[in-house]
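[1] Provided below for reference: sequence and predicted model.
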Amino acid sequence: MKHVRDRLQRWAMRLCGLHYHIEHIAGDANVRADIVSRWHELSALRPMMDANFVFPTLEDIAEAQSTAGRERARLQVDLLEEDGVLGHRGQEAMSFALKDRFFIVKLKDKIAQFIRQCLLCKHFKGPRLIPRPYGPLLTPTERNEVVHWDFLSLGDSYGDSAYLLVVKDGLSHYCELFPCATPTAYVAAEVLMMWHAIFGTPKTLMSDQGSHFRNEMINHLATRLKIEQKFSPVYSPWLDGTVERLNRDVLQVLRALLLEYALDSHEWPYLLPAIQANLNHTPVRSLAGHSPVEVFTGLPASSALDVVVAPATEAAVV
């Protein structure tokens with residue numbers, strides 16, 4: 001942070017005016033500064049960060065899961081919510097993922113109780129919903145018919161990236177995240193060509209009236225690709241609410257992962273693959289319990305639970 005950096009610089013300036021002598025103290029005598037390295041046992045914040053951690057085999061997982069206990073359902077809920085990749089998406093996402101793989105009695109009540117006790121969810125999720133007036137909306141009937149895009153400012157990073165261009169399919173909610181240094185028309189044109197090369201040409205592009213979207217370059221490119229451009233009115237972000245909701249989800253998952261892994265806020269570009277996977281592979285109620293990647297690409301969705309659940313076989317069924 002800036003205030004910390006300035007404070008360290010002031011300390012360095014004060015120390016420059018002092019005449020000091022550096023003296024070496026042996027480790028046995030330096031009991032205060034060396035006490036941490038001499039503790040007999042250090043508890044790891046996360047078990048997988050331990051140098052001696054050995055990942056269990058499928059046989060070990062199957063044996064551990066075969067033992068039924070009182071805390072088994074609680075453990076499954078904890079595992080899903082506390083796994084950083086899932087980003088604390090809430091009760092609906094947890095319910096879809098757990099019901100698809102487990103049978104837990106009174107699952108909704110247990111999930112609701114757990115989320116009420118989650119400190120991270122209380123920290124970065126707002127308690128209020130602000131209603132907005134109704135207005136005309138673009139309602140797609142097929143994939144890649146209406147594509148929404150918007151720039152999201154995420155602050156400085158250790159690289160050149162400071163913004164995020166989010167692109168979202170209107171029907172399936174499938175999204176792609178593109179980091180960039182500045183929100184310019186050149187970045188938007190390059191991302192549009194990348195989307196066109198992978199998924200084909202969208203019929204309609206929906207965005208706000210920022211100069212990076214409403215300009216001669218994007219207009220010329222859209223004309224050549226036969227794409228219709230639609231713009232939401234100024235100071236009315238709720239009329240393009242689907243991409244604004246995506247921005248909120250990106251910020252929510254990003255804050256959760258930064259707190260979960262104790263990362264610096266400048267390291268957000270390294271989390272983008274995990275955030276994009278989280279958003280695209282999480283089941284959504286509006287898609288009848290399917291994930292955006294299933295609806296948009298036809299590929300099966302993955303989950304963090306797949307690494308801890310032993311695959312079922314006919315031989316294992318009694």
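    Okay, I see it. Numbers count the residues shown, from 1 in each chain.

[2] Would you confirm that Leu205 belongs to a strand?
    Yes. Looking at Leu205 with DSSP: H, G, I helix; E, B strand; the rest coil, it is inside a strand.

[3] Show me what it is bridged to.
    Listed by DSSP bridges, the beta-bridge partners for Leu205 are Val147, Gln229.

[4] hang on, it packs against Lys230?
    Yes. Leu205 lies in contact with Lys230 (CB atoms under 8 Å); the separation is 6.8 Å. Every residue, glycine included, has its C-beta placed from N, CA and C.

[5] With neighbour numbers in mind, choose between the two.
    Leu205 (23 against 12; other CB atoms under 10 Å).

[6] who's in contact with that one?
    Applying CB atoms under 8 Å, 6 or more residues apart in numbering, we find Leu205 in contact with 147-149, 192, 213, 222, 227-230.

[7] so can I have TSV of those showing pLDDT?
    As requested, those are exported to TSV (pLDDT from 0 to 100):
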residue	pLDDT
Val147	95
His148	95
Trp149	95
Leu192	96
Phe213	94
Ala222	95
Ile227	95
Glu228	94
Gln229	94
Lys230	91
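
[8] Filter the residues you listed down to the buried ones and hand me the ChimeraX line.
    Selecting only the buried entries of the contacts of Leu205 in ChimeraX, with 16 or more other CB atoms under 10 Å as the criterion:
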select :147,148,149,192,213,222,227
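
[9] closest to Trp268 among the contacts of Leu205?
    Trp149 (19.3 Å; CB to CB).

[10] Check the secondary structure at the closest one for me.
    strand.

[11] Helix or strand: which one has the residue nearest to it when sequence neighbours are not counted?
    Of all residues not flanking Trp149 in the chain, Val167 sits nearest, at 4.6 Å (CB to CB, 6 or more residues apart in numbering). Here Val167 sits within strand 163-169, counting by DSSP states H and E.
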